[in-house]
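[1] generate coordinates for the sequence data below:
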Amino acid sequence: MFKKIFLLLFLSTVLWFVFVVSLFDQRTNVKVQPKRILPFQYNCPIPPNAQCQAVISPSSKTLLILVPKAASSTMRSLFTDWFPDAYTINTCRNIPADYFKIVFFRDPVLRFLSGYEESIARSVRKDLKKRSKRLDETTERIKASVGTHTNWLEYWNDTRSQAHQTFYDYVMYDHDISNPFNAHMALQSAYVARIPQKIDFIGSIDNLKEDWQRLRLQLGKPIIHNNGRENRKNHWKHLTPEKLPQRVLAKICENAKFDFNCLHINSKYCS
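    Coordinates of the predicted model:
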């Protein structure tokens with residue numbers, strides 16, 4: 001009798017231990033995803049420079065909204081690999097309500113720095129015709145800094161250009177969030193403000209692999225390797241949040257408040 005009771009107690013203890021260990025293992029190995037309220041619908045004022053570019057697949061009734069400097073080129077390429085009938089559109093006003101809509105956002109600080117670097121790169125061109133056209137879009141301060149430079153790396157390394165100081169001055173005195181000198185520096189809100197219906201999937205470039213995997217599984221699509229496309233512009237990173245003067249970083253964060261409030265995104269560089 002006592003042996004049976006002891007055996008039952010022993011087995012109960014073992015089973016309880018296994019149960020507790022399994023709970024701990026789940027809590028420690030499952031990556032917690034950021035909270036996303038879906039479907040999402042834009043409910044803020046429409047920015048003056050609002051626009052929309054997307055890739056649409058009629059056969060799958062799927063729409064990928066493109067946000068410049070949020071891996072839009074990589075997203076477009078992967079999307080068209082999945083949906084061969086996909087094509088680019090420049091307006092999102094007549095999208096059927098039953099289409100599955102996707103968008104990827106990026107940390108606003110990192111995107112702003114990347115957008116500025118690309119904007120300058122488009123001004124420093126060997127093709128003089130294209131270069132002069134791009135320069136017409138910039139501020140006088142940037143025109144003076146770019147000068148006659150036609151090489152991207154030389155511009156950033158030439159002390160006479162004062163490239164970093166020009167950027168600091170642009171942020172503090174010239175940047176207009178409602179009318180930036182290049183579309184790559186517009187608020188991310190500007191690219192979803194004219195979507196008339198709700199967005200079904202929101203991903204983050206800062207969590208790209210996990211979110212792309214989540215999207216792939218949701219759509220039931222195969223794994224596609226991007227062949228290094230995501231690293232094609234790593235040599236552009238001359239501006240980093242860690243090396244910015246505090247007043248400049250604070251100004252960038254202040255300019256990003258519209259996106260913080262309207263898109264429910266954040267930045268680890270802003271308090």
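
[2] can you pull the contacts of the spatially most central residue of the chain?
    Residue closest to the average C-alpha location in the chain (CA atoms, centre = their mean): Arg106, at 2.4 Å. By CB atoms under 8 Å, 6 or more residues apart in numbering, the contact set of Arg106 is 67, 69-71, 188, 204-206. Just so you know, the C-beta spots here come from the backbone N, C-alpha and C atoms, and that holds for glycine as well.

[3] and which of those is nearest Arg111?
    Using CB to CB, Lys69 comes nearest to Arg111 of those, at 4.8 Å.

[4] which element is the closest one on?
    Using DSSP states H and E, Lys69 sits in no helix or strand.

[5] count residues in the vicinity of it, would you?
    23 (other CB atoms under 10 Å).

[6] give me the pLDDT for Ser161.
    Per-residue confidence (pLDDT) for Ser161: 78.

[7] do a quick rundown of the helices in the stretch 151-271 of the chain.
    152-157, 163-169, 208-219, 246-255, 257-263 (DSSP state H, counting those that start in this stretch).

[8] who are the packing partners of the longest one?
    Yep, that's helix 208-219 we're talking about. The helices and strands touching helix 208-219, judged by 3 or more CB pairs under 8 Å, 6 or more residues apart in numbering; DSSP states H and E, are strand 100-105, strand 201-204.

[9] between those, which gets nearest to Ser59?
    strand 100-105 (12.2 Å).

[10] contacts for that closest one, please.
    With CB under 8 Å, 6+ apart as the test, strand 100-105 has contacts from 60-65, 67, 70-71, 75, 95, 188, 191-192, 195, 197-205, 208, 211, 215, 219, 263, 265.

[11] out of the residues you listed, which are buried?
    When the contacts of strand 100-105 are checked for burial by 16 or more other CB atoms under 10 Å, the buried set is 62-65, 67, 70-71, 75, 95, 188, 191-192, 195, 197, 199-205, 208, 211, 215, 263, 265.

[12] just for this protein, where's the confidence low?
    Scanning the chain for pLDDT under 70 picks out 1-38, 125-137, 225-236.

[13] what is the end-to-end distance of stretch 39-57?
    Start-to-end span of stretch 39-57 (CA to CA, to the nearest Å) is 20 Å.
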